[in-house]
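J.: have a look at this fold, sequence not included:
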């Protein structure tokens, strides 16, 4: 199953815990917001392009 990743920030942006940096629309009722964990902060140096991904690739890329 492919899902569309929409990025809300770009390279060079500063990000802190709780910021939403992306979203994945699963269907018309469910939208997942991707947030930076609390206590984390920094500058975005690289973002994958907004595209369609499998959930496995998307989750592995974010959490590994």
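T.: Cool, the structure landed. As the structure is a prediction and not an experimental result, all values here were calculated from the model. Numbers count the residues shown, from 1 in each chain.

J.: ok, and the closest non-adjacent residue to residue 17?
T.: residue 38 (4.0 Å; Cβ to Cβ, 6 or more residues apart in numbering). Glycine gets a C-beta too; all of them are placed from N, C-alpha and C.

J.: number of residues surrounding that neighbour?
T.: As a burial measure, residue 38 scores 8 neighbours (other Cβ atoms under 10 Å).

J.: quick check: it touching residue 19?
T.: No: with contact defined as Cβ atoms under 8 Å, residue 38 does not count as touching residue 19 (10.4 Å).

J.: who's in contact with residue 18?
T.: Going by Cβ atoms under 8 Å, 6 or more residues apart in numbering, residue 18 touches 35, 36, 38.

J.: that one and residue 33, how far apart?
T.: Distance of residue 18 to residue 33, computed by Cβ to Cβ, to the nearest Å: 11 Å.

J.: ok, residue 1 next?
T.: 19 Å.

J.: so these two - more neighbours on which side?
T.: Per other Cβ under 10 Å, whichever of residue 1 and residue 33 has more neighbours is residue 33, with 10 against 7.

J.: confirm for me that the more buried one is in contact with residue 25.
T.: No: with contact defined as Cβ under 8 Å, residue 33 does not reach residue 25; the gap is 10.5 Å.

J.: just to revisit the earlier point, identify, from the contacts of residue 18, the entry nearest to residue 12.
T.: In terms of Cβ to Cβ, no member of the contacts of residue 18 lies closer to residue 12 than residue 36, at 15.5 Å.

J.: pLDDT wise, what is residue 56 at?
T.: Note on residue 56: pLDDT of 67.

J.: follow-up on the earlier one: out of the contacts of residue 18, which sit inside strands?
T.: Within the contacts of residue 18, residues falling in strands by DSSP state E are residue 35.

J.: of the contacts of residue 18, closest to residue 44?
T.: Closest to residue 44, out of all of the contacts of residue 18 and judged by Cβ to Cβ, is residue 36, at 9.7 Å.

J.: need phi/psi at the residue nearest the centre of the chain.
T.: The residue lying closest to the centre of the chain (Cα atoms, centre = their mean) is residue 22, at 3.6 Å. Backbone torsions of residue 22, given as degrees, to the nearest 10, read phi -170, psi 170.
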